[in-house]
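Asker: Coordinates for the following, if possible.
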Amino acid sequence: MSLLYYYENFASIHAYLCADGYVIKNPSNQNKKYYTIGFRNTNLILLRDFQNKFYRLFGIKPYLIEGQRCRLGSKEIYKQLTNQFGSFYSWEWKMPKLNNGLLRFWLRSYFDCEGWVTCKTHQNRMIGVDCVNEKGIKQIKKALKRLDIESKLNKRNNRNIFTLNIFGKENLIKFNNKIGFLHSKKCAKLKESINDFIVYDWVYPNGLSLIKFVKEILRTKAKIKKPIGSVRILSNVEKNLLRLKKELYRLFKIKSKINKYINGIGTPYYELSIHKKQEIKYLIDHDLINKEQKKKWLSLRK
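Answerer: So this is what the prediction gives:
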């Protein structure tokens with residue numbers, strides 16, 4: 001095994017133990033002594049990865065219980081790990097000093113365990129991770145910055161939990177290319193999130209095609225907002241809705257209003273809303289919204 005390969009495995013094992021692992025011994029007041037190293041996770045790919053990398057490092061293969069954990073007892077390995085790295089408890093672990101090449105292996109294993117990926121189409125696409133270890137999560141933020149990946153760190157209200165979020169197409173692509181996931185479901189979700197970023201500018205045609213285009217927007221994008229039953233259309237590009245507002249009035253004499261909002265990760269988006277009952281009825285009577293939204297609106301009027 002080359003020295004670089006050795007350190008890559010060590011970086012990954014260290015992260016696994018910080019995230020979902022334990023390096024413990026029995027209390028000093030107990031007569032029977034035990035020293036245990038383990039890794040808890042339900043994902044078989046991660047369990048096998050931990051088992052194989054541990055074997056490459058120490059020449060001992062931990063016992064694997066599928067869907068639960070890998071574990072073994074070893075006083076020698078316990079002392080080697082704790083003497084070199086200190087505590088692995090959730091609120092005490094520290095990132096080791098790693099070069100940029102090894103950072104990606106540590107970060108991948110940590111995010112494979114503790115990270116999640118959100119893809120709320122056209123609204124919220126991000127990678128997130130929660131941590132009770134303030135110093136540790138701040139080290140992760142700095143490590144991501146070293147790889148040119150921007151992130152945002154916040155403390156939960158009234159709880160000693162810190163949440164780190166990575167969002168924006170460029171940052172998600174950099175994470176995918178430089179770190180990535182071994183966890184297959186998270187890997188697929190990240191690719192879905194990246195692919196969800198599309199060109200958002202609506203290209204309005206001229207003539208009769210314009211009427212067809214506006215109708216299609218209404219039928220595919222209009223939603224009924226409870227409890228008042230207003231019709232709303234969302235876009236993260238304001239000019240899309242400004243043009244739609246203009247054409248709705250010019251073509252159908254329908255008045256609308258545009259409001260700006262900020263989502264949970266600080267990204268602005270815009271909402272065009274139609275409130276007047278008679279104008280919504282016009283949309284329904286002329287089949288300008290789809291059947292599902294028509295049914296929802298009528299149910300609110302009962």
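Asker: Contacts for stretch 87-105 next, please.
Answerer: With contact meaning Cβ atoms under 8 Å, 6 or more residues apart in numbering, stretch 87-105 is reached by 4, 7-8, 11-12, 14-15, 17-18, 21-23, 81-82, 85-86, 106, 132-133, 135-136, 139-140, 143, 146-147, 178-179. Placement of C-beta: from N, CA and C, glycine included.
Asker: What remains of those residues if I keep only buried residues?
Answerer: Among those, those scoring as buried are 7-8, 11-12, 14-15, 17-18, 21, 23, 81-82, 85, 106, 133, 136, 140, 143, 178-179 (criterion: 16 or more other Cβ atoms under 10 Å).
Asker: Tell me which of the contacts of stretch 87-105 fall in helices.
Answerer: Among the contacts of stretch 87-105, DSSP state H puts 4, 7-8, 11-12, 14-15, 17-18, 81-82, 85, 106, 135-136, 139-140, 143, 146, 178 in helices.
Asker: Backbone dihedrals for F162, both of them.
Answerer: The phi/psi pair for F162 (degrees, to the nearest 10) reads phi -110, psi 140.
Asker: I149 now?
Answerer: phi -110, psi 120.
Asker: Pretty sure L164 is one of the things it touches, is it not?
Answerer: No. If you go by Cβ atoms under 8 Å, I149 and L164 don't touch, sitting 10.8 Å apart.
Asker: which residue ranges form the strands in the stretch 51-200 of the chain?
Answerer: Counting by DSSP state E, counting those that start in this stretch, one finds strands in the stretch 51-200 of the chain at the ranges 63-65, 69-73, 115-120, 124-131, 152-155, 162-167.
Asker: Tell me which other helices or strands the fourth one touches.
Answerer: Read it as strand 124-131. Applying 3 or more Cβ pairs under 8 Å, 6 or more residues apart in numbering; DSSP states H and E, we find strand 124-131 packed against helix 100-114, strand 115-120, helix 134-146, strand 162-167, helix 169-178, helix 184-195.
Asker: re the thing from before, ok, which of the strands of the stretch 51-200 of the chain comes nearest F197?
Answerer: Nearest to F197, of all the strands of the stretch 51-200 of the chain, is strand 124-131, at 7.1 Å by Cβ to Cβ.
Asker: mind listing what that closest one pairs with, with the direction of each?
Answerer: Using DSSP bridges, the strands paired with strand 124-131 in its sheet are strand 115-120 (antiparallel), strand 162-167 (antiparallel).
Asker: Go through these and pick out the most buried.
Answerer: Of all these, strand 162-167 has the most neighbours on average by mean count of other Cβ atoms under 10 Å, namely a mean of 20.
Asker: contact partners of that one?
Answerer: Residues from elsewhere that reach strand 162-167, judged by Cβ under 8 Å, 6+ apart: 124-134, 137, 140-141, 144, 149-156, 172, 175, 265, 267.
Asker: Skip the chain neighbours and tell me the closest residue to T82.
Answerer: The shortest distance from T82 to any non-neighbouring residue, by Cβ to Cβ, 6 or more residues apart in numbering, is to V23 (6.1 Å).
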